[in-house]
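Student: Compute the structure for the input listed below.
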Amino acid sequence: MRKESIKKILQIVGSFAIGFLIFYLVYKDQDLVMMKEELSKGNLFWIIFPVFLGASSHFVRALRWKQLIEPLGKSPRLINVYFAVMTGYFANYLLPRAGEVARCGVLKKYEDIPFTELLGTVIAERAFDLIILLCFIGAAIFTQLDVFSQIFASGSSFEDKFGWIIYNPIAWILTIVAIAFLFAIRKRLKELTFVKKGRELAKNVINGIKTFFKVKNKPLFLFYTAIIWLFYFDMLYLSFNAFDFTKELGVTSGLSTFSIGSLGIVAPVQGGIGAWHFLTIESLKFYGVAALQAATFAFVVHLMQTLMILIIGFISFVSLPFVNKTRRQ
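Tutor: Sure, this is the predicted structure:
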C-alpha cells in the first residue's frame, strides 16, 4: 500500500476516533435515565421545526453557489446543484472534509463543468462563510462586553499572573533570543505545514472576495448569504424553545452559543461530533444551564440536524442518476 494511502486512512480513522472520544468523554458521566426524562419534557415542534430551516438553508446555499458558477459560462440545473450540495454534506459525515470534493465531482459528472473551476467557487464560498462566522463571533463579544469583563474580573489580575515575566530580566533576554532565533530560521518556518495552511487560508479568503465581484447580481448574493446564516442561527436559537431550561435564554445567549458551537463544526471531525457537543454544553453552562440539561439539549439538536443531512444527502446521492437519466440518454 502506498504511503499516501496509509496516511489518508490514518487521517480518516484518527478523525473518527477523536470525534467519538470527545463525545464519549462528554457523555460518559451523564445520567442517561435523567437525560431521557428531560427529552420527554421537550416540545416536539421546536425540536423538528429547526430541521426544516436547516434543509431550507442548504437550498439557499445551492442558489448562491449557482451564482458563483454562472460567471464560468455555465448554467447548471438547480436541482443538480442542490443535490450536489447535499451529497457534499453527506460525504462529510463519511470522510472529513470530503464534501467539497464530492459536490464538485457531482457537477463535473452531470453538468460537465471542469472540476478545478468548481473547486475555486467552493473555496470562494468558504471564504465568505469564514468572514460571516468571524462577524458572528465579533458580534457575540461586542454585545456582551459586560459578561466578558466579569469573566476576566473574576480571576486574578493580569499583573498577578504575568507580572513576574514583565519584571524579570531573564524572561526579557529569553524573549529576545527566541525572536532572534525565529527570525534566523524564518525560511524554514515557511515550509512548516501549519504555516503553509495559514498562508493558503489567507490567500483563499482574498480570492473569494475577488470572485464576488464577478457575480452578476451582487445584492442577491449578499441576500442569500444573510438568509443562510440567519437560518443557521435560528436552527439553534429556536431550539431553545423546546425545553424549559433554555427557553428563557435571550438572543445574545444564543449568539454566543451559536458562535462558539460553530467552531466545533469547523473542527476536523465528521459533522462536528464531540467537538460541537462539548463547546455548546460549556456555553450553556456559562448561562446557568445545568450540565445534564445542557448535554440533553446538545445531543438532541445535533442528532436531529445530523439525521436531516444523512437522510436528504443519501436521497440526493441516489436520485442524481434518475434525475439526469433523460439528459444522459
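Student: Give me the spatial nearest neighbour of S283, chain neighbours excluded.
Tutor: T257 (4.2 Å; Cβ to Cβ, 6 or more residues apart in numbering). The C-beta positions use only the backbone N, C-alpha and C, and glycine is treated the same way.
Student: tell me the SS of I113?
Tutor: Secondary structure, DSSP: H, G, I helix; E, B strand; the rest coil: I113 is coil.
Student: What pLDDT does the model give it?
Tutor: If you check I113, the pLDDT there is 85.
Student: go on, T246?
Tutor: 91.
Student: same thing with I69?
Tutor: We note a pLDDT of 89 for I69 in this prediction.
Student: Next, work out how far apart it and V33 are.
Tutor: 51 Å (Cβ to Cβ, to the nearest Å).
Student: got it, and F243?
Tutor: Distance of F243 to V33, given as Cβ to Cβ: 17 Å.
Student: now swap in T143 and tell me
Tutor: For T143, the distance to V33 - Cβ to Cβ - is 38 Å.
Student: So between the two, which is more surrounded?
Tutor: T143 (13 against 8; other Cβ atoms under 10 Å).
Student: Excluding chain neighbours, what is closest to that one?
Tutor: Using Cβ to Cβ, 6+ apart and skipping the chain neighbours, the partner closest in space to T143 is T252 (5.1 Å).
Student: List the contacts of the residue lying closest to N241 once chain neighbours are set aside.
Tutor: In space, and not counting its chain neighbours, N241 is closest to W46: 4.1 Å by Cβ to Cβ, 6+ apart. Each residue near W46 by Cβ atoms under 8 Å, 6 or more residues apart in numbering is listed here: 238-242.
Student: Looking at these, which two lie furthest apart in space?
Tutor: Using Cβ to Cβ, the pair of the contacts of W46 lying farthest apart is L238 and A242, separated by 8.4 Å.
Student: More neighbours: which of the two?
Tutor: Between L238 and A242, A242 has the larger neighbour count (other Cβ under 10 Å), namely 25 against 17.
Student: surely that one meets I47?
Tutor: Yes: using Cβ atoms under 8 Å, A242 is in contact with I47, at 4.8 Å.
Student: tell me which helix or strand of this protein sits lowest on mean pLDDT?
Tutor: The weakest-scoring helix or strand in the chain, judged by mean pLDDT, DSSP states H and E, is helix 158-166 (a mean of 49).
Student: the strands in this protein, which residues?
Tutor: Under the criterion DSSP state E, the chain contains no strands.
Student: Longest helix of it, counting residues only.
Tutor: helix 291-323 (DSSP state H).
Student: buried stuff in that helix?
Tutor: Using 16 or more other Cβ atoms under 10 Å as the burial criterion, the residues of helix 291-323 that qualify are 292-302, 304-306, 308-310, 312-313, 316-317, 320.
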